[in-house]
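**Q** Sequence first, predicted model second:
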Amino acid sequence: MNIGIIDGDLIYNKKHRFPNLACMKISGYYKSKGHNVELLTDYSSLTNYDLVFISKVFTETKIPEEVLKLPYVTYGGTGFFYDKAEPLPDYIEHCMPDYHLYDKWVQNKIGNGEKKRDFSFYTDYSIGYATRGCIRHCSFCVNKNYNKSRLHSPVSEFLDETRPYICLLDDNILACKDWIKVFDDLIATGKRFQFRQGLDERLLSEGECEYLFRKVKYANKKIFAFDNIKDKELIISKLKMIRKYTDEEIKFYVLCGYNHNVDGVYNESFWIEDITSLFERIKILADYNCIPYIMRFERYKESIYKGIYINAASWCNQPNFFKKLSFSKYCKINGMSRKACKEYNGDYNLYLQDGGKKGSSWRCLEEFTDKYPDIADKYFNFSGDA
Ligand code: SF4
């Protein structure tokens, strides 16, 4: 059979740069049975194929409705069904991913001048889940229906010896009682690896720290998550523990714009509480030489302070700015044109004296500061190397 595979996120979002594991597994399975399998990068030639599989991870990714109605099209993934998505059948789930599914597409992209390093997850990584599941039931998460984290695939099941790195997609490895076995298996490969999702810092003990910060060869910065201010004391105690083992720079996903009270409303008092919680978490992380990476829940767009959320994300998510500038300075500089910034070497006072105009991020900072001077005073004047 001729089989077409569509990674919907790749077609919808031209900047998407992570392979779809389900697509690679479906391709691996059908190629192993002798079928001809191709990655399709648009919807124009579907009639040339006996079967077409479509997968997407992100709910915002749009797929033409008429394509989904075609009798030879099968589709699935969290992007379609979120937490109700059917898993792949075991005989596909546990087969070796086809690490060459994207080869032609990657070659084209690089041939057209894009940077090779932007495609490293397609070319340099073995990818898989050593464990699946989580214990936390976070209401905003696609994994909220799991009750535990358990072993899923041995590393050998998805390891391509020719690739130098391993990327694990595990939901919450540290919640799995067999985490040591997974780490030992990964160490035995001799390859550098990374967990793509934020690790659950609340579960760290001395044992995990010993592995994570002393034994393993990691492929990237370690990433944890600090999503809820109610975990503040626990997170601080774990940060203190981490700093006994390492002074390396650590990244934290920081969720904002989300009401953890599922029946809660999104009103003025929520936005102020949420912005305060966001900056308190950023400050705590800065105090322990960690870099926040701000994840905005989409409802932040409803806030009259959405400019604060946008600026906080662009400040923190560009660590060079975060380390050198306070939020206040960042908003002012960001509110100058690039040309003016260069001309005045970032001196926004001089720029203003010369009649320069304040840009939107500068105005947004001032509006918020006028209304909530105590919050601004407490949080807007430290930088990431404080
Ligand atoms: S801890 Fe992470 S993986 Fe687990 S439910 Fe919460 S957000 Fe999801």
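**A** Ah, there it is. Residues are numbered from 1 along each chain as shown.
**Q** Now the stretch 151-300 of the chain against the ligand: closest residue?
**A** Residue nearest to the ligand within the stretch 151-300 of the chain: Asp171 (4.3 Å; CB to the nearest ligand atom). Every residue, glycine included, has its C-beta placed from N, CA and C.
**Q** Tell me which residues touch that residue, please.
**A** 129, 131-134, 143, 146, 149, 197 (CB atoms under 8 Å, 6 or more residues apart in numbering).
**Q** just curious, which of those is nearest to Ala286?
**A** Closest approach to Ala286 among the contacts of Asp171 (CB to CB): Gln197, at 22.8 Å.
**Q** gap between that closest one and Asn349?
**A** According to CB to CB, to the nearest Å, Gln197 stands 43 Å off from Asn349.
**Q** So the two - more neighbours on which side?
**A** Higher neighbour count among Gln197 and Asn349: Gln197, with 17 against 10, using other CB atoms under 10 Å.
**Q** hmm, back to that, which SS state does the residue of the stretch 151-300 of the chain closest to the ligand fall under?
**A** Judged by DSSP: H, G, I helix; E, B strand; the rest coil, the three-state class of Asp171 is coil.
**Q** how close does it sit to Ser55?
**A** Asp171 sits 18 Å away from Ser55, taking CB to CB as the criterion.
**Q** Same check on Arg163?
**A** From Arg163 across to Ser55, the span is 22 Å (CB to CB).
**Q** So those two - more neighbours on which side?
**A** Comparing Arg163 with Ser55 by other CB under 10 Å, the one with more neighbours is Ser55, at 25 against 16.
**Q** in the sheet, who's paired with the more buried one?
**A** Beta-bridge partners for Ser55, by DSSP bridges, are Asp7, Gly76.
**Q** Which element, helix or strand, includes Ile26?
**A** Assessed by DSSP states H and E, Ile26 sits inside helix 21-32.
**Q** The helix or strand following that helix - what's its average pLDDT?
**A** Using DSSP H and E, the helix or strand that follows helix 21-32 towards the C-terminus is strand 36-39. The average pLDDT within strand 36-39 is 98.
**Q** which helices and strands sit right next to strand 36-39?
**A** strand 2-7, helix 21-32 (3 or more CB pairs under 8 Å, 6 or more residues apart in numbering; DSSP states H and E).
**Q** Pull up the pairing partners for that strand, direction included.
**A** Strand 36-39 is paired, per DSSP bridges, with strand 2-7 (parallel).
**Q** So what touches the strand it pairs with?
**A** For strand 2-7, the surrounding residues in contact (CB under 8 Å, 6+ apart) are 19-20, 23, 26-27, 30, 35-40, 43, 45-46, 48-56, 101.
**Q** could you pull out the helices for the stretch 101-250 of the chain?
**A** With helices called from DSSP state H, counting those that start in this stretch, the stretch 101-250 of the chain shows them at 103-111, 120-123, 179-189, 206-210, 232-245.
**Q** now these in JSON lines, with mean neighbour count and mean pLDDT?
**A** Shown next, in JSON lines, are those (neighbours: other CB atoms under 10 Å; pLDDT from 0 to 100):
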{"stretch": "helix 103-111", "mean neighbour count": "14", "mean pLDDT": "97"}
{"stretch": "helix 120-123", "mean neighbour count": "17", "mean pLDDT": "98"}
{"stretch": "helix 179-189", "mean neighbour count": "16", "mean pLDDT": "97"}
{"stretch": "helix 206-210", "mean neighbour count": "14", "mean pLDDT": "95"}
{"stretch": "helix 232-245", "mean neighbour count": "16", "mean pLDDT": "97"}
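**Q** Kindly reformat these as TSV containing distance to the ligand.
**A** Output for the helices of the stretch 101-250 of the chain, formatted as TSV (distance: least, CB to the nearest ligand atom, whole Å):
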stretch	distance to the ligand
helix 103-111	29
helix 120-123	20
helix 179-189	14
helix 206-210	15
helix 232-245	13
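**Q** mind checking which of those is nearest Asp263?
**A** Proximity to Asp263 (CB to CB) singles out helix 232-245 among the helices of the stretch 101-250 of the chain, at 22.8 Å.
**Q** ok, residues contacting the closest one?
**A** With contacts defined as CB under 8 Å, 6+ apart, helix 232-245 is touched by 201-202, 204, 206, 209-210, 212-214, 226, 250, 280-281, 284-285, 288-290.
**Q** Of these, keep whichever come out buried.
**A** Buried subset of these (neighbour count, 16 or more other CB atoms under 10 Å): 201-202, 204, 209, 212-213, 226, 250, 281, 284-285, 288-290.
**Q** Between those residues, which sits nearest Glu65?
**A** Taking CB to CB as the measure, Glu65 lies nearest Phe226 of these, at 39.4 Å.
**Q** contacting residues around that closest one?
**A** Contacts for Phe226 (CB under 8 Å, 6+ apart) come out as 201, 235, 252-254, 281, 284-285, 292.
**Q** and those residues, which of them are in helices?
**A** Per DSSP state H, helices hold the following members of the contacts of Phe226: 235, 281, 284-285.
**Q** does Asn311 sit in a helix, a strand or a coil?
**A** Three-state call for Asn311 (three-state DSSP): helix.
**Q** Can you report how many residues lie near it?
**A** Neighbour count for Asn311, taken as other CB under 10 Å: 23.
**Q** just checking, Asp200 touches Ile223?
**A** No. When contacts are counted by CB atoms under 8 Å, Asp200 is not listed as touching Ile223 (10.9 Å).
**Q** Looking at the buried ones among the contacts of helix 232-245, which one is closest to Cys316?
**A** Checking these against Cys316 with CB to CB, the nearest one is Leu285 at 8.9 Å.
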